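> I need the structure of the sequence given here:
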Amino acid sequence: MKQFLKITVVVLLLVFAGCKATAQKFSTHAVKSGETLEAIAKQYKVTQAAILTYNKEIREGQSLKANTILVIPKSSGVTEQKTTNSTVVKQKETVSGQTENGEKPYGFTSYRVKKRETLYGIAKRFNISEDDIKKYNRQLYSSQLKRKMLLKIPKFKNAHNAEGSVNEDDFTMYKVLPKETRWSIANKHGITIDSLLLLNPDLSKSSDYLREGQELKMPIIAGSTVEKQETQLYMSYTVPPKMNFYQLEKKFGVKSDEIVRLNPEIQQRQGLKEGMVIRIPQQKLDAQDINTDNFIFYEVKPKQTEFSLTRKLGISYKDLLLLNPDLEGGLKAGMVLKLPKDQTGDFEVKNALVLDKINLLDSIDRTNTPKLMFLLPFRLDRIDVANKENAQKSLEARVDAKLSLGLYSGALIALDSLASLGISVEVKTFDNQLNLAKTKEILRQQNLSQINAIVGPLDLPSLKEVAIQASRYQVPVIAPIPATSDLSLNNVFFSYTSDDILREDMLNYMDGVVEDQNIIIIADSDHVTERMAILEKFPQAKVAVVKEEEKNIGINIEKLKSLVSEETDNWVFVETDNFKLVSSVTSILNSFQNALLDPTDTNGVKVKMRMFTTNKNKAFDNDVISNSHLSNLHFTYPSVYKEPGNNGFVKRYRQRFGDYPDRYAVRGFDITYDLLLKLAYKSDLMQVSQEIGETEYAGNKFSYKKDNTSGYFNQSTYIMSLDDMLIKEVKM
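Residues are numbered from 1 along each chain as shown. Predicted structure coming up:
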């Protein structure tokens with residue numbers, strides 16, 4: 001009986017705490033010139049400590065800068081307790097869809113569910129309870145919320161709808177623009193990340209993901225909206241030696257006549273003079289401009305000084321002030337600073353956020369003992385290990401077994417390497433036989449709460465099962481090979497970079513090197529997406545028609561010749577997974593290379609050809625494809641892998657196994673070495689992946705980005721080129 005009462009009390013406390021958190025409301029206050037924290041606290045009937053709790057960018061005793069936006073919690077104490085209790089009652093009243101006095105909705109509105117929306121989010125959007133929605137959409141009692149589902153939303157007249165509503169005078173709903181991040185939005189609104197999360201509790205605390213069009217609650221800047229600030233701000237600038245108007249214009253983006261108009265002393269003194277203090281208008285950036293195309297972002301850490309900050313970021317404080325005028329009020333922890341897109345310094349950039357550089361080898365904690373599980377289909381049930389000859393034939397015939405052994409042999413070298421660093425690793429290895437039932441049997445016998453990470457399985461049904469069971473203990477699961485997944489779980493690490501990212505990185509690379517080249521696209525009907533992506537990036541590109549027949553595929557040589565230019569280099573994209581088309585095109589392009597389009601024109605210019613693709617698949621590796629042709633065309637493509645040199649891993653591998661590692665062994669080493677170094681640094685892989693930038697080892701590199709619903713995805717790619725019969729990495 002005592003145990004029952006104890007559990008009941010705990011549950012009630014949790015319910016009360018949840019209600020209290022939901023009931024908390026906020027407003028904002030734009031600091032006026034001369035206002036103090038004490039005066040603002042009295043005005044809103046809250047304590048100074050309460051304001052400081054929600055505004056980490058200010059400190060007690062520090063003077064407040066005019067126009068600073070403060071998040072103000074609604075008055076606490078007894079008043080707040082009453083509000084909280086009343087909220088609990090209201091929630092109970094609305095469970096049935098009507099209040100205690102029988103209130104019913106006065107009408108309804110239709111709402112179509114958007115991608116990734118939740119019932120909680122929709123209920124919050126309309127300031128009603130989830131049960132209000134379910135009452136009038138009974139299908140939700142038996143099925144999950146789905147995208148494009150049409151919901152009937154009740155509308156109530158009385159106060160329970162307004163209990164959690166937003167005061168429109170305090171806030172505005174902001175729609176996320178393409179390529180914006182939470183750092184760019186916080187910077188644009190002059191608030192900290194903490195304040196952004198406070199105003200938008202639905203935002204993930206572990207992921208930085210924002211989707212285009214997502215709506216966020218943001219403070220309205222006093223006197224205007226963010227986009228329509230009319231007050232022009234200026235900064236003082238001391239003219240250095242040898243400064244001229246051209247340099248000023250380039251540095252500040254302000255025309256020379258505007259500078260002269262604002263500073264009459266320039267005319268009086270007949271030009272710019274060293275030591276002259278002039279006014280420079282601060283540029284107002286359009287909302288569209290503050291995104292990851294133009295800036296990277298840095299969140300100021302506690303106890304950072306101007307000296308340590310500028311040394312880390314590799315930028316002078318004056319230049320930092322130009323981009324971040326709020327710094328004039330002093331450096332504050334939590335501030336989000338803009339930096340130029342191409343800024344370099346003692347840091348790494350990941351998803352437009354500046355991260356502190358961490359050397360994993362120098363940062364490992366040797367007291368950590370990572371516990372690792374491998375679940376791979378070695379297929380020992382199908383291989384007679386007692387008969388060496390038959391076993392060899394079976395291995396060569398079974399791709400799954402060959403792949404598993406390659407991955408695992410590389411992993412063993414990674415374990416040896418960690419041991420030499422003084423790191424102890426506990427490893428469990430299982431053969432799941434490419435079988436879901438066998439996978440379930442293995443999992444039933446293991447205590448997953450004692451595992452730090454799981455590598456594998458390779459088949460998607462087993463991967464899903466492992467991910468679901470491991471998610472109960474927040475154990476990360478690493479997919480070592482390509483895996484197309486509909487998993488809505490946060491613990492899966494997809495280590496193989498997707499085709500979409502490979503294509504995007506290839507096109508971004510091309511965008512940086514294309515000048516006046518003649519671009520031609522050869523894409524079959526199965527690769528319309530690739531063709532459209534190339535045309536979007538290079539609208540001037542010409543498209544060659546691919547002739548597709550039942551048993552044949554190719555292009556018309558004369559029609560292709562009409563697209564070729566003699567005046568500039570010809571760069572040809574080939575997008576297909578048909579080896580016959582690749583063979584035909586490479587042969588034709590090779591015949592064009594260094595030849596005259598018209599052999600009778602002895603004064604003609606020889607044609608220059610290069611070949612590219614955004615997706616190098618098996619068709620390009622077929623035996624009928626001439627590597628000599630590809631090399632002559634300097635064939636260039638995106639890849640997740642590069643050949644390792646004669647490095648320490650290759651030497652260890654040859655010493656242990658007597659042969660060179662194949663690409664699966666290299667991948668097994670890189671995945672395992674990366675995983676174990678991160679776990680040795682900090683046992684929480686998910687947290688480490690948010691802190692660590694890109695890592696690179698023998699032939700693979702990793703930079704994981706958290707998706708909002710489907711785990712962590714590797715973003716790293718190489719651009720490779722075949723030149724003089726050697727595959728070389730192209731520096732991006």
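> L337 should be in a strand, yeah?
Yes: the assignment for L337 by DSSP: H, G, I helix; E, B strand; the rest coil puts it in a strand.
> what lies in contact with whichever helix or strand I153 is part of?
Per DSSP states H and E: I153 is located in strand 150-155. The contact list for strand 150-155 (CB atoms under 8 Å, 6 or more residues apart in numbering) reads 97, 105-113, 122, 126, 128, 132-133, 135-137, 161. C-beta here means a position set from N, CA and C on the backbone, and glycine is covered the same way.
> looking at those residues, which are in helices?
122, 132-133, 135-136 (DSSP state H).
> could you give me the PyMOL syntax to select whichever of the contacts of strand 150-155 are buried?
Those of the contacts of strand 150-155 that count as buried under 16 or more other CB atoms under 10 Å are selected in PyMOL with:
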select buried, resi 97+105+111+113+122+126+128+132+133+135+137+161
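> so who does V607 touch?
Each residue near V607 by CB under 8 Å, 6+ apart is listed here: 564-566, 570, 592-597.
> for the closest residue to P73 other than its chain neighbours, the count of nearby residues, please.
Nearest in space to P73, with sequence neighbours left out and distances taken as CB to CB, 6 or more residues apart in numbering, is A50 at 5.3 Å. Using other CB atoms under 10 Å, the number of residues around A50 comes to 18.
> so which helix or strand takes in A50?
helix 48-54.
> helix, strand, or coil at I478?
Three-state call for I478 (three-state DSSP): strand.
> tally of neighbours for it?
Neighbour tally, I478, other CB under 10 Å: 22.
> how close does it sit to V543?
For I478, the distance to V543 (CB to CB, to the nearest Å) stands at 40 Å.
> same question for G711.
Counting by CB to CB - G711 and V543 are separated by 37 Å.
> same question, A419
Using CB to CB, A419 is found at 56 Å from V543.
> settle it for me: which of those two has more neighbours?
Neighbour totals were compared for A419 and V543, and V543 leads with 15 against 11 (other CB under 10 Å).
> show me where the stretch 101-250 of the chain has strands.
Counting by DSSP state E, counting those that start in this stretch, the stretch 101-250 of the chain has strands at residues 107-112, 150-155, 171-175, 215-219, 234-238.
> out of those strands, flag the one nearest H189.
Ranking the strands of the stretch 101-250 of the chain by proximity to H189 (CB to CB) places strand 215-219 first, at 5.3 Å.
> what would the closest one look like as PDB? C-alpha coordinates only.
Taking Å, rounded to 0.1, in the frame of the first residue of the first chain, the C-alpha atoms of strand 215-219 are listed here in PDB:
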ATOM      1  CA  GLU A 215       6.400  29.300 -38.500                       C
ATOM      2  CA  LEU A 216       8.200  30.600 -35.400                       C
ATOM      3  CA  LYS A 217       7.000  32.900 -32.600                       C
ATOM      4  CA  MET A 218       9.300  35.900 -32.500                       C
ATOM      5  CA  PRO A 219       9.300  39.200 -30.600                       C
END
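> so which residues make contact with that strand?
28, 69, 71, 166, 170-176, 185, 189, 191, 195-196, 199-200, 203, 226.
> got it, and stretch 580-591?
For stretch 580-591, the external contacting residues (CB under 8 Å, 6+ apart) are 522, 524, 546, 552-555, 557, 560, 572, 574, 576, 609, 611, 619-620, 622, 624-626, 629-630, 632-633, 635.
> quick one: buried residues of it?
581-586, 588-590.
> swap in stretch 561-580?
Taking 16+ other CB under 10 Å as the criterion, stretch 561-580 shows 563-565, 570-576, 578-579 as buried.
> return the alpha-carbon coordinates of that stretch using PDB.
C-alpha atoms of stretch 561-580 as PDB (Å, rounded to 0.1, in the frame of the first residue of the first chain):
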ATOM      1  CA  LYS A 561      28.300  17.600 -83.100                       C
ATOM      2  CA  SER A 562      25.900  20.500 -83.700                       C
ATOM      3  CA  LEU A 563      25.900  21.300 -80.000                       C
ATOM      4  CA  VAL A 564      29.700  21.300 -79.700                       C
ATOM      5  CA  SER A 565      31.700  24.500 -79.700                       C
ATOM      6  CA  GLU A 566      35.100  25.200 -81.300                       C
ATOM      7  CA  GLU A 567      35.400  28.500 -79.500                       C
ATOM      8  CA  THR A 568      35.500  27.300 -75.900                       C
ATOM      9  CA  ASP A 569      35.900  24.100 -73.900                       C
ATOM     10  CA  ASN A 570      32.900  21.600 -74.000                       C
ATOM     11  CA  TRP A 571      31.900  20.200 -70.600                       C
ATOM     12  CA  VAL A 572      29.500  17.300 -71.000                       C
ATOM     13  CA  PHE A 573      27.300  15.900 -68.200                       C
ATOM     14  CA  VAL A 574      26.300  12.200 -68.700                       C
ATOM     15  CA  GLU A 575      23.400  11.000 -66.500                       C
ATOM     16  CA  THR A 576      22.400   7.400 -66.900                       C
ATOM     17  CA  ASP A 577      22.700   4.000 -65.300                       C
ATOM     18  CA  ASN A 578      22.900   2.200 -68.700                       C
ATOM     19  CA  PHE A 579      26.400   1.100 -69.500                       C
ATOM     20  CA  LYS A 580      25.600   0.900 -73.200                       C
END
